[in-house]
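Q: here is my input; please provide its structure:
(one chain, ligands or ions: 2)
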Amino acid sequence: MHPSPTIGIVGSAGTYGRWLQAFFARRMGLRVLGHDPGDANSDAPDALLDQADVLLFATPIRVTAALIDDYVRRSAGREAGRLWLDVTSIKQGAVEAMLRSRAEVVGLHPMTAPPKAPTMKGRVVVVCEARLDRWRPWVQSLLEALEAECVHASAERHDQMMALVQAMVHASHLAQAGVLDEYAGRLGGLGAIMPFRSASFELDAAIAARILSLNPAIYEEIQFGNTHSAEVLDRLLAQLTELRDLVRAGDDAARTRFRERFLRSREAFGPQALADGNYAYERVGYLLADLVGPRYTSVHLPEDRAGSLCTLLHVFERHGVSLESIHSSRTPGGEVHFRIGFVRGTDAAALARAVTEIDASGVGRVLESG
Ligand SMILES: NC(=O)C1=CN([C@@H]2O[C@H](COP(=O)(O)OP(=O)(O)OC[C@H]3O[C@@H](n4cnc5c(N)ncnc54)[C@H](O)[C@@H]3O)[C@@H](O)[C@H]2O)C=CC1
Ligand SMILES: O=C(O)C(=O)Cc1ccc(O)cc1
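A: Numbers count the residues shown, from 1 in each chain. Ligands and ions are numbered 1, 2, ... in the order given. So this is what the prediction gives:
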């Protein structure tokens, strides 16, 4: 094991490859090589196989196992004593292929698109330790640097879990998107439905929109490339079919059966999961309600120092503007910004004076104000 290993990223020009390149170079201070056919200036595969102490595959799911096999062949034993990693969404094929090398092997699965932030803080990463010995301390330091919430599992268990966590969730939302499209002619599209939204509808539509905005090849492979997906879809369909049959029957017996099903699922969740889920839902509901409040200002605080938010809030206080909510999030550029909502009846002129002072004094940079 090398304390400051050279990293080689296969797929370095891709969405994850680019994030990982910045992470290893900037956060961990390591030398990073990368190969990607999409980047003519990237390093040759042989440079990675010669020089990289840690080789990481961040390539499309469908080609990854065969690509790793190709790297095993080309490496021809040079990988002994080194570490091979991957970030493929489906783990069994990739991990089994890496195990055909002589390298130590750990499969990783970040349960998020590459974050805007420099680490995985607050996100989950599944860790599949397949053959780990001398590289263990370094892998531990990598996981600490990622700042993720790590969960350990075999590749097989990971894929079974992902059939529920990803394949089922994506399929349900793709089905909803399809139904909404079928109804668009009759009732209008999402734009016509949204004014009638519940928080649940809004959240489900947001999930569908998220899925439809990202890389379709990943969603295709999460369904088609996981051997456990079809069975989970069978179960989902059976549950929906039973529900549909009960509703169609419409009699007292069907209603009794519906209530039994409802109560059984409630028991299966258990009181703690129900309480936690309800609390999470309500918090998100408040957040969504706050974010559509008509009077608001979004501000970036350029000075990352204790008390700078307090200085900002004093400006509103001096101008007699009362706050209703305050939320922080990240801009696409990775800057933290605060969205501040104001109480109903806020004096627009007083708010405008506060906003001007914030910008002019340099306390904050106002991004948007409504
Ligand atoms: N994007 C996401 O939200 C997440 C992606 N992942 C996983 O990360 C991996 C990469 O995904 P993305 O970066 O989103 O895909 P991407 O399509 O943006 O990047 C893949 C890169 O691999 C390159 N590539 C293709 N064939 C290659 C080869 N023979 N040698 C070297 N590079 C090659 C492509 O040119 C491309 O730049 C996938 O396995 C995916 O399952 C995991 C979690 C989330
Ligand atoms: O960030 C999101 O919304 C995602 O769900 C993206 C995503 C896509 C594929 C993965 O294997 C993990 C996460």
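
Q: I'd say Gly293 and Ile340 touch.
A: No: assessed by C-beta atoms under 8 Å, Gly293 is found out of contact with Ile340, at 9.8 Å. Backbone N, C-alpha and C define where each C-beta goes, glycine included.

Q: what is in contact with these two at once?
A: In terms of C-beta atoms under 8 Å, 6 or more residues apart in numbering, Gly293 and Ile340 are both contacted by the residues Ser325.

Q: who has more neighbours, these two?
A: Ile340 (24 against 16; other C-beta atoms under 10 Å).

Q: which residues in the stretch 51-200 of the chain form helices?
A: 61-75, 92-99, 136-146, 155-162, 169-187, 190-193, 199-213 (DSSP state H, counting those that start in this stretch).

Q: is ligand 2 within reach of the second one?
A: Meaning helix 92-99. No: using C-beta under 6 Å from any ligand atom, helix 92-99 never reaches ligand 2; the gap is at least 12.1 Å.

Q: show me how far that helix is from its chain's centre.
A: Remark: helix 92-99 is offset 23 Å from the chain centroid, using C-alpha atoms, centre = their mean, to the nearest Å.

Q: which residues touch it?
A: Here helix 92-99 makes contact (C-beta under 8 Å, 6+ apart) with 57, 64-66, 68-69, 72, 84, 86, 88, 105, 107, 128, 130-131, 155-156, 158-159, 225, 227.

Q: do the fourth one as well
A: When contacts are defined by C-beta under 8 Å, 6+ apart, helix 155-162 is touched by residues 89-92, 94-96, 107, 109, 126, 128, 130, 153, 222, 226-228.

Q: can you select the buried ones from those residues in ChimeraX?
A: The buried residues among the contacts of helix 155-162 can be selected in ChimeraX (16 or more other C-beta atoms under 10 Å) with this line:
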select :89,90,91,92,94,95,96,107,109,126,128,130,153,222,226,228
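
Q: wait, Val151 sits on Cys128?
A: No: applying C-beta under 8 Å as the test, Val151 and Cys128 come out as separate, 10.1 Å apart.

Q: how about the residues of the stretch 1-150 of the chain near ligand 2?
A: 89, 111-113.

Q: no, scratch that, I was asking about the stretch 201-350 of the chain
A: 210, 214, 218.

Q: now the lengthiest helix in the chain and helix 199-213, what's the angle there?
A: The residue-count maximum for a helix in the chain (DSSP state H) belongs to helix 252-291. Interaxial angle, helix 252-291 versus helix 199-213 (axes from the mean of the first three to the mean of the last three C-alpha atoms, to 10 degrees): 80 degrees.

Q: pull the distance from helix 252-291 to the chain's centre.
A: The answer for helix 252-291 is 24 Å, by C-alpha atoms, centre = their mean.

Q: now it: average pLDDT?
A: Here helix 252-291 scores 95 as its mean pLDDT.

Q: show me what that helix is packed up against.
A: Contacting helix 252-291 under the criterion 3 or more C-beta pairs under 8 Å, 6 or more residues apart in numbering; DSSP states H and E are the following elements: helix 199-213, helix 229-249, strand 323-330, strand 336-342.

Q: can we see that at 7 Å?
A: Under the contact criterion of 3 or more C-beta pairs under 7 Å, 6 or more residues apart in numbering; DSSP states H and E, helix 252-291 touches helix 199-213, helix 229-249, strand 323-330.

Q: can you pull the buried residues of that helix?
A: So for helix 252-291, counting by 16+ other C-beta under 10 Å, buried means 257, 290.

Q: that older thread, export the helices and strands packed on helix 252-291 to CSV and tack on mean neighbour count?
A: Output for these, formatted as CSV (neighbours: other C-beta atoms under 10 Å):
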stretch, mean neighbour count
helix 199-213, 15
helix 229-249, 13
strand 323-330, 14
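
Q: okay, those in CSV with mean pLDDT and distance to Arg266 next?
A: Shown next, in CSV, are the helices and strands packed on helix 252-291 (pLDDT from 0 to 100; distance: least, C-beta to C-beta, whole Å):
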stretch, mean pLDDT, distance to Arg266
helix 199-213, 96, 17
helix 229-249, 98, 15
strand 323-330, 87, 32
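
Q: these: which one's closest to Ser361?
A: Evaluated over these, closeness to Ser361 peaks at strand 323-330, with 18.5 Å, by C-beta to C-beta.

Q: how about Leu56, what does it touch?
A: Shown in contact with Leu56 (C-beta atoms under 7 Å, 6 or more residues apart in numbering): 7-10, 20, 85-86.

Q: can you do 8 Å?
A: Counting by C-beta under 8 Å, 6+ apart, Leu56 has contacts 7-10, 20, 84-87.

Q: how about residues contacting the helix or strand encompassing Leu48?
A: Per DSSP states H and E, Leu48 falls inside helix 45-51. Applying C-beta under 8 Å, 6+ apart, the contact partners of helix 45-51 are 6, 8, 10, 33-35, 55, 71, 74-75, 78-79.

Q: cool, and stretch 27-38?
A: Defining contact as C-beta under 8 Å, 6+ apart, one finds that stretch 27-38 is touched by 4-14, 17, 21, 24-25, 42-45, 47-48, 51-52, 118-119, 142, 145.

Q: helix, strand or coil: sort out Arg26 for me.
A: The assignment at Arg26 comes out as helix when based on DSSP: H, G, I helix; E, B strand; the rest coil.

Q: that one touches Leu20, doesn't it?
A: No: the criterion here is C-beta under 8 Å, and Arg26 misses it with Leu20 at 11.0 Å.

Q: looking at these two now, which is surrounded by more residues?
A: A count of neighbours by other C-beta under 10 Å puts Leu20 above the other of Arg26 and Leu20, at 24 against 11.

Q: how close does that one sit to Cys150?
A: 16 Å (C-beta to C-beta, to the nearest Å).

Q: how about Ala268?
A: On the measure of C-beta to C-beta, Ala268 and Cys150 end up 27 Å apart.
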